[in-house]
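Novice: Sequence first, predicted model second:
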Amino acid sequence: MNRGNLLALRQGSSDHTMVFVHPAGGSAGGFRQLLAHLDPIWTVLAYEAIEPGPSDRCSVPAIAEDYLEELTATVSPAGVVLVGWSFGGAVAVEMARLGEASGHPPKAVILLDSSTPNVLAQEERTPAAEMAALFGVDVTVADGKETTALDAAAAAINHASPGAGISAQELRPFLEIFHWHLDAARHPWPGLPCAAPTFLVRAADEEGRHEERTDLGWSAVFGGHLHRRSTPGTHHSLIAAENAPALAHLLQETVAALPRRREGQPTTDFSRMRST
């Protein structure tokens, strides 16, 4: 099912393609911070969910199937680098596995501080607190009320950008998207590894999660075949402006160490995509 979630962030000067998969909040905005720091040879695509999907597609396998269908309509999945942030990591792994099963293996999968769905479902942070953090608001919502988190997020955005005039109500659609993806993470998923080289990039400054589970559940999936890296920042700030250069360098360094992709691979067809 093609829902039109794939964005063209930049067309590169070669057939190198990096595809980012959004976190539970659905936004691709953070990935734009990386564009200025990624070599211009890279074509950069990103998935963005602007509304919850249908109830019958609310699972990691279904989302991965839909996203792979959309990617295949645009560029051959073979040889792309899939990069999933947070919730998007599980989707990226499943996309890689499905692509491999159909003869289109990606070049690599990179997980940006991503938990497996099983670990994500066990996390103690409430959706309200997580939602506030997606907007850079570090708050403890003692009563667990979503309105408290949205009010705090709106206040923080307006403080950072005077005149923005963002209201809590305008942020509610993001919360609905977050809830939909959180429900998707709670549905059954295969828990199977992909064959592509897979890298877990941990947020070096993340407290709690960093100390609690160094692998965020992925060692149980990949065994000893999971490569680990780290990058500055917390789970929510690793792509922020101050940390974007380091992360972009790490992504390119990681990919540069992989075997060269084969020649003759189709380039991206931007005519089929939403642009920003």
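Specialist: Sure, I can see it. Since we're looking at a predicted model, the values are computed, not measured.
Novice: just the strands in the chain please.
Specialist: Remark: strands assigned in the chain by DSSP state E are 6-10, 16-21, 42-47, 81-85, 108-112, 198-203, 226-231, 274-275.
Novice: Neighbouring strands of the third one in the sheet, and parallel or not?
Specialist: This means strand 42-47. strand 6-10 (antiparallel), strand 16-21 (parallel) (DSSP bridges).
Novice: Same list (these) but as CSV, adding distance to Glu51 and mean pLDDT.
Specialist: No exception for glycine: its C-beta is placed from N, CA and C like everyone else's. Shown next, in CSV, are the strands paired with strand 42-47 (distance: least, C-beta to C-beta, whole Å; pLDDT from 0 to 100):
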stretch, distance to Glu51, mean pLDDT
strand 6-10, 15, 94
strand 16-21, 17, 95
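Novice: re earlier: so which of the strands of the chain is nearest Gly30?
Specialist: Set against Gly30 and scored by C-beta to C-beta, these come closest in strand 81-85, at 7.1 Å.
Novice: list the helices and strands the closest one packs on?
Specialist: strand 16-21, helix 87-101, strand 108-112, helix 244-256 (3 or more C-beta pairs under 8 Å, 6 or more residues apart in numbering; DSSP states H and E).
Novice: so how far is the second one off the chain centroid?
Specialist: Distance, stretch centre to chain centre, for helix 87-101: 11 Å (C-alpha atoms, centre = their mean, to the nearest Å).
Novice: Identify each buried residue in that helix, please.
Specialist: 87-100 (16 or more other C-beta atoms under 10 Å).
Novice: how about those residues in TSV, adding distance to Trp218 and pLDDT?
Specialist: Output for the buried residues of helix 87-101, formatted as TSV (distance: C-beta to C-beta, whole Å; pLDDT from 0 to 100):
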residue	distance to Trp218	pLDDT
Phe87	14	94
Gly88	14	96
Gly89	8	97
Ala90	9	97
Val91	14	98
Ala92	12	98
Val93	8	98
Glu94	13	97
Met95	16	97
Ala96	13	97
Arg97	14	97
Leu98	18	96
Gly99	19	96
Glu100	17	96
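Novice: now Gln252: how far from His225?
Specialist: 22 Å (C-beta to C-beta, to the nearest Å).
Novice: So these two - more neighbours on which side?
Specialist: A direct count of neighbours by other C-beta atoms under 10 Å for Gln252 and His225 places Gln252 higher, at 18 against 13.
Novice: That'll do, ta.
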